[in-house]
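Got a sequence here, can you model it:
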Amino acid sequence: MSMEYRMRRTLPSDRVAIIMPVDHGLIFNRIEGLETPSAPFAAWGDKDVTGFMMTPGQVKQTGAFFARNPHLTRVLTIDTYYDVATLDGGGSHQLITTVEEAVRMGVDAVKMLFPWNISRAEQAALAKRVGDVVTACDAWDIPLILEPVIMGAPRTEEVVIQEEKVARIAYDLGAHIIKIAFPGEERTRRLVDELKIPLVIAGGPLAGDPSETVDAVAQTIRAGARGVIVGRNIWQRETDVAEKVVSEIAALTRSVSFDD
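Numbering: from 1, shown residues only. So this is what the prediction gives:
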């Protein structure tokens, strides 16, 4: 399979992608709304999402479901990070599987965290690790979604500015797609215009009124992002509210297309 094939599977040209992350067990263990790790796929796969962000265990357990639903894409999380509550580094980032194994499992893309509030030595080691993964992804023709993040930090203006800067480092390391917490419409547009690689926006933890989630997605789409990564702001809400949010987001994502 070619890189272009997998990129279009992950980020379709006829709409903005809605990728639902359900990989939280790697860091948070048992989390509300995700008590049964295999449950979200049947619950949300027919609600107009385009795919899921998953763990290796989830991929192995749900092969038959995705064989029956080939329109849904799979993004495999290939790393984990501890301790997420630490603001000054001190966490530990490691790969949990390989790019070659991801290709063998038949997924469409792989995803890594890119936490940057760590020591200089840890930053250098992480950059080397990312570079090795990028090289492997290029060799196997599978996209890497890289997620610049200041781990454990509140969403202050300073943190938003830092993550925008780290997104540039992610670009320079060769990421094929960059995933970033929503930095506002203007900053999202600037990143799209300057970096000229696909940008997808993360929804983050459950917060605010459902209308705020929908509005953030609308701003994301206006700014030119290719995808939204929305999980807890959907599946941690009451079912009827969550389904309404997905429906409204899906309508927004189908309002645009891309020339590629």
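
low pLDDT regions in the protein?
Within the chain, the stretches with pLDDT under 70 are 83-91, 204-207.

Report the beta-bridge partner residues of I18.
In this entry, I18 is beta-bridged to V228, by DSSP bridges.

hang on, isn't it packed against A225?
No: in this structure, I18 is not within contact of A225 by CB atoms under 8 Å, at 11.5 Å. Where you see a C-beta, it was placed from the backbone N, CA and C, and this is true even at glycine.

Which element, helix or strand, includes K244?
The secondary structure element spanning K244 is helix 239-253 (assigned by DSSP states H and E).

What helices and strands are in contact with that helix?
With contacts defined as 3 or more CB pairs under 8 Å, 6 or more residues apart in numbering; DSSP states H and E, helix 239-253 has these neighbours: strand 17-21, helix 210-222, helix 232-235.

those strands in this structure, which residues are they?
Listed in chain order, the strands of the chain (DSSP state E) span 17-21, 51-54, 73-77, 79-82, 92-95, 109-115, 144-149, 177-181, 199-202, 227-229.

for the last one, packing partners?
Taking 3+ CB pairs under 8 Å, 6+ apart as the contact definition, the neighbouring helices and strands of strand 227-229 are strand 17-21, strand 199-202, helix 210-222.

Show me what counts as buried in the last one.
Neighbour-count burial for helix 210-222, with 16 or more other CB atoms under 10 Å as criterion, is recorded at 210, 213-214, 216-221.

Return the distance of that helix from the chain's centre.
Mean C-alpha position of helix 210-222 versus that of the full chain (CA atoms, centre = their mean, to the nearest Å) differs by 16 Å.

Just the C-alpha atoms of it, please, in PDB.
Extracted in PDB, the C-alpha atoms of helix 210-222 (Å, rounded to 0.1, in the frame of the first residue of the first chain):
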ATOM      1  CA  PRO A 210     -21.800  20.600  24.100                       C
ATOM      2  CA  SER A 211     -22.300  23.800  22.000                       C
ATOM      3  CA  GLU A 212     -18.700  24.800  22.900                       C
ATOM      4  CA  THR A 213     -17.400  21.600  21.400                       C
ATOM      5  CA  VAL A 214     -19.300  22.100  18.200                       C
ATOM      6  CA  ASP A 215     -18.200  25.700  18.000                       C
ATOM      7  CA  ALA A 216     -14.500  24.700  18.400                       C
ATOM      8  CA  VAL A 217     -14.900  22.200  15.600                       C
ATOM      9  CA  ALA A 218     -16.500  24.900  13.400                       C
ATOM     10  CA  GLN A 219     -13.600  27.200  14.000                       C
ATOM     11  CA  THR A 220     -11.200  24.300  13.300                       C
ATOM     12  CA  ILE A 221     -12.800  23.600  10.000                       C
ATOM     13  CA  ARG A 222     -12.900  27.300   9.000                       C
END
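
Specify the angle between that helix and strand 17-21 in degrees.
Orientation check (axes from the mean of the first three to the mean of the last three CA atoms, to 10 degrees): helix 210-222 against strand 17-21 gives 130 degrees.

From the rest of the structure, what touches helix 210-222?
16, 182, 184-185, 188-189, 201, 203, 228, 230, 233-234, 237, 241, 244-245, 248-249, 252-253, 255-256 (CB atoms under 8 Å, 6 or more residues apart in numbering).
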